[in-house]
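**Student:** Got a predicted structure here, sequence first:
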Protein chains: 2
Amino acid sequence: MSHFEVVAFDADDTLWHNERLYVSAQAKLKALLAQYHSPEWIEERLYQTEMRNLQHFGYGIKAFALSMIETAVQLSEGRIAGSDVQAIIDSAKEMLAADVELLEHAAETLAGLAQTYALMLITKGDLRDQELKIARSGLAQHFRHVEIVSDKSRESYHRLLQRHSIAPERFLMVGNSLRSDILPVLALGANAVYIPYQLTWAHESAERPSAEQPGFYELEHLGLLPELLERVEGQEIQETSK
Amino acid sequence: MSHFEVVAFDADDTLWHNERLYVSAQAKLKALLAQYHSPEWIEERLYQTEMRNLQHFGYGIKAFALSMIETAVQLSEGRIAGSDVQAIIDSAKEMLAADVELLEHAAETLAGLAQTYALMLITKGDLRDQELKIARSGLAQHFRHVEIVSDKSRESYHRLLQRHSIAPERFLMVGNSLRSDILPVLALGANAVYIPYQLTWAHESAERPSAEQPGFYELEHLGLLPELLERVEGQEIQETSK
C-alpha cells in the first residue's frame, strides 16, 4: 500500500500559467494611468484596493477587474475616460478567454501519478472560470475529484479531508503558494510539496517553513515529483519493516 | 419509505429575497444615466450587455456590476463620470453585503421537512457570495448537502444526481425559475415544484410546463410544500397497495 492515498494539486501556476495574465493586465492599467502616476504607485494602490475589496469580491478575474476599475477612478481623481474603463473590462475578458498553457512536465507527471494515486485538484477563484480552465487544460481525466473553493484555509482543507474521509498523514498537497497550498496543509498534519513559480502575487507570499518541518518538501519543478514520491514511499517501507 | 429521498431547494428568490437587490441596483443605474436615455432603453441595453457577457462572466453580482459599468460607458458614449463608475461599484458592494431576508414560511418549512427528507441546496452564481448568504441565512443546518454550481442545466443536474447516487424519480427540486429549477429537472425524469416569485429576471423565464406533465407541481408559496408532499406520498402508497 502506498503511504499517500491522495495527491492533490493546486491549479493556477502549479499546473498551468496564470499569474502572468494578471501581470500583463496590470501593465495595461499602468499604461492607461501613465499620465497620472508612476507604475510603482499604481501597483501599490491597486494592491491596496484588491486587499480592501477581498472581503466583498473574493478572488478571481472579475474581482480583479472591479479593483482595477476602482483604482483607475481613484488615481485619475475621477477623470478616467469611459473608453479606458472599457479597455479595463476588455482586458478582463481577454484574461477569461486566454488559452490554458500547461507548465512543463504537468501532463506527463499527472498521467504517471494517476496510475498509483487518487489525484485531486483543489483550486480557488471564480467557479465558472476555473471550470472552463480545467476543461480546456486537457488534464481533467486524471483527477478523481475536483474541488473549487472560495478560500484555502486550514478550515477549508479540514472540511475537504473530512468530506472525502482522508487521514491528514495520507494526504499530500502540491502547489506554488506557501500561504494557500503549503502552510494550512502542514498545520493539519498533512504533507505539502512547494514548487515555486517565477511570479508570486504579494498576497500569496508567506514565510517558508524550515527544511526540518515534517511533511514539508520543496521541488524545483513538477517533473521531480514522481521521484520524490518514490523516495518517500521507499523510506516509509524501510521504517515499517524495521 | 418515502417516495422522495432528496428534496432540493434553489436559494435566491426561493428561500430568500434576491432579485429585488438587482432591481434596486438597476434603478440607481437608471438615475445615473437619466440625462442620456430613457429608463426602458437603459434596461433593454443592460439586459443585452448581460446576455453578451454571460459567456465571459457567468452569473452573479460581480458579473452584473461589470455589465452595468459597460452599459454606462456605452450609453454615455464614454462621458460617464468616474464618480458614477465608482457609484456602480459601490452598489455592487452593497448588494454583496446585504442582509439575507428569508421568504415567508422558509425557516419552518425546511425545519419540518428535514425530519423526513435529506434536504439539498442547489444554487448558481458566485461561489463566495452564495457561501456567505447560506451562512448568514441561518438555514445551513437543515441541509445534508450544499451544491454551488456555475450553471443549472440538464447536464449539471445529471452529474449531481450521479455523484450522490440519487434516482431521478426519488429527487424533487423546488425553485422559482422555470428555466433553471424546473425544466432541466423534469427533462431528467425527476420531479419539480415551481413556486413563482414576484420578480423574475427575463433570462430565467421560460414556458410553463402543462399541468399534465408528470412530476410537475406548482405552489403559491413554500408554506404549502409539506402538504403537497404528504399528498404525493399518500397517492404513492395507494398506488403501491393496489
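**Tutor:** In hand now; what should we look at?
**Student:** Which other helices and strands does the longest helix along chain A contact?
**Tutor:** For chain A, the helix with the greatest residue count under DSSP state H is helix A:39-57. Applying 3 or more Cβ pairs under 8 Å, 6 or more residues apart in numbering or on different chains; DSSP states H and E, one finds that helix A:39-57 makes contact with helix A:19-32, helix A:61-75, helix B:82-97. Heads up, the C-betas are built off the backbone N, CA and C, glycines and all.
**Student:** quick one: strands adjacent to the helix or strand that contains A:V146?
**Tutor:** Element membership for A:V146 (DSSP states H and E) is strand A:145-149. Looking at strand A:145-149 with DSSP bridges, its partner strands are strand A:118-124 (parallel).
**Student:** Residues contacting the helix or strand just after the partner strand, please?
**Tutor:** Later in the chain than strand A:118-124, the nearest helix or strand by DSSP H and E is helix A:127-137. Applying Cβ atoms under 8 Å, 6 or more residues apart in numbering or on different chains, the external contacts of helix A:127-137 come out as A:11, A:15-16, A:60-62, A:96, A:99-100, A:102, A:121, A:123-124, A:140, A:146, A:148, B:58-59, B:126-127, B:148-151.
**Student:** For the buried ones among those residues, write the corresponding PyMOL selection.
**Tutor:** In PyMOL, this line selects whichever of these come out buried by 16 or more other Cβ atoms under 10 Å in any protein chain shown:
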select buried, (chain A and resi 11+15+16+60+61+62+96+100+102+121+123+124+148) or (chain B and resi 58+59+126+127+148+149+150)
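**Student:** I'd like the helices and strands packed on helix A:39-57 as TSV, with distance to B:E227 and mean pLDDT appended.
**Tutor:** Listed next are the helices and strands packed on helix A:39-57 as TSV, based on distance: least, Cβ to Cβ, whole Å; pLDDT from 0 to 100:
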stretch	distance to B:E227	mean pLDDT
helix A:19-32	53	96
helix A:61-75	42	97
helix B:82-97	34	97
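**Student:** May I have the beta-bridge partners of A:W16?
**Tutor:** A:D12, A:L102.
**Student:** What residue spans form the domains of chain A?
**Tutor:** Domains of chain A are assigned by automatic domain parsing as A:6-16+A:101-241, A:19-97.
**Student:** So for the longest one, mean pLDDT?
**Tutor:** Here domain A:6-16+A:101-241 scores 93 as its mean pLDDT.
**Student:** Enumerate the residues of chain A near chain B.
**Tutor:** Taking Cβ under 8 Å from any Cβ of the partner chain as the test, the list of chain A residues beside chain B reads A:53, A:56-59, A:62-63, A:65-66, A:69-70, A:72-74, A:76-83, A:85-86, A:89, A:92-93, A:96-97, A:126-129, A:131, A:148-151.
**Student:** Now restrict these to buried residues only.
**Tutor:** A:53, A:56-59, A:62-63, A:65-66, A:69-70, A:72-74, A:76, A:80-82, A:85, A:89, A:92-93, A:96, A:126-129, A:131, A:148-150.
**Student:** Export the domains of chain A as a markdown table, with columns for distance to B:V193.
**Tutor:** Shown next, in a markdown table, are the domains of chain A (distance: least, Cβ to Cβ, whole Å):
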| stretch | distance to B:V193 |
| --- | --- |
| domain A:6-16+A:101-241 | 26 |
| domain A:19-97 | 32 |
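**Student:** Out of those domains, which is closest to B:L186?
**Tutor:** With Cβ to Cβ, the closest approach to B:L186 among the domains of chain A belongs to domain A:6-16+A:101-241: 24.6 Å.
**Student:** how far does the closest one sit from the chain's center?
**Tutor:** 10 Å (Cα atoms, centre = their mean, to the nearest Å).
**Student:** Roughly how far does the residue sitting nearest the centre point of chain A sit from chain B?
**Tutor:** Centroid-nearest residue in chain A, with Cα atoms, centre = their mean: A:D12, separated by 4.2 Å. Taking Cβ to the nearest Cβ, to the nearest Å as the measure, A:D12 falls 15 Å from chain B.
**Student:** thinking that residue is in contact with A:N18, fair?
**Tutor:** Yes: using Cβ atoms under 8 Å, A:D12 makes contact with A:N18 at a distance of 3.6 Å.
**Student:** Secondary structure element holding A:E155?
**Tutor:** helix A:154-163.
**Student:** contact partners of that helix?
**Tutor:** A:122, A:147, A:149-150, A:166-168, A:171, A:173, A:184-185, A:187-188, A:190.
**Student:** Go through the very next helix or strand once past it and flag the buried ones.
**Tutor:** Counting by DSSP H and E, the element after helix A:154-163 in chain order, helix or strand, is strand A:171-175. By neighbour count with 16+ other Cβ under 10 Å, strand A:171-175 contains the buried residues A:171-175.
**Student:** Pull the contacting residues for the residue nearest to A:G60 when sequence neighbours are not counted.
**Tutor:** Counting by Cβ to Cβ, 6 or more residues apart in numbering or on different chains, A:D126 is the residue found nearest to A:G60 once chain neighbours are left out, at 3.6 Å. By Cβ under 8 Å, 6+ apart, the contact list for A:D126 reads A:59-63, B:58, B:126-127.
**Student:** what do you get if the cut-off is 10 Å, keeping everything else the same?
**Tutor:** A:58-64, A:96, A:132-133, A:148, A:150, B:57-58, B:60, B:62-63, B:126-128, B:150 (Cβ atoms under 10 Å, 6 or more residues apart in numbering or on different chains).
**Student:** again, but for A:A114
**Tutor:** Counting by Cβ under 10 Å, 6+ apart, A:A114 makes contact with A:7, A:139, A:141-144.
**Student:** give me that answer again for 7 Å
**Tutor:** Neighbour list for A:A114: A:H142 [criterion: Cβ atoms under 7 Å, 6 or more residues apart in numbering or on different chains].
**Student:** what do you get for the one 4 residues further on?
**Tutor:** Going by Cβ under 7 Å, 6+ apart, A:A118 touches A:5-6, A:144.
**Student:** give me the beta-bridge partners of it?
**Tutor:** Beta-bridge pairing for A:A118 (DSSP bridges): A:V6.
**Student:** A:T123 contacts A:F9, doesn't it?
**Tutor:** No: applying Cβ atoms under 7 Å as the test, A:T123 and A:F9 come out as separate, 8.5 Å apart.
**Student:** distance of A:V232 from A:F9?
**Tutor:** Using Cβ to Cβ, to the nearest Å, we find A:V232 at a distance of 17 Å from A:F9.
**Student:** ditto for A:S137
**Tutor:** A:S137 is 11 Å from A:F9, by Cβ to Cβ.
**Student:** Quick check: neighbours shared by the two?
**Tutor:** A:L15.
**Student:** higher neighbour count, A:V232 and A:F9?
**Tutor:** A:F9 (27 against 18; other Cβ atoms under 10 Å in any protein chain shown).
**Student:** State the distance from the more buried one to A:R136.
**Tutor:** Noted for A:F9: a distance of 16 Å to A:R136, by Cβ to Cβ.
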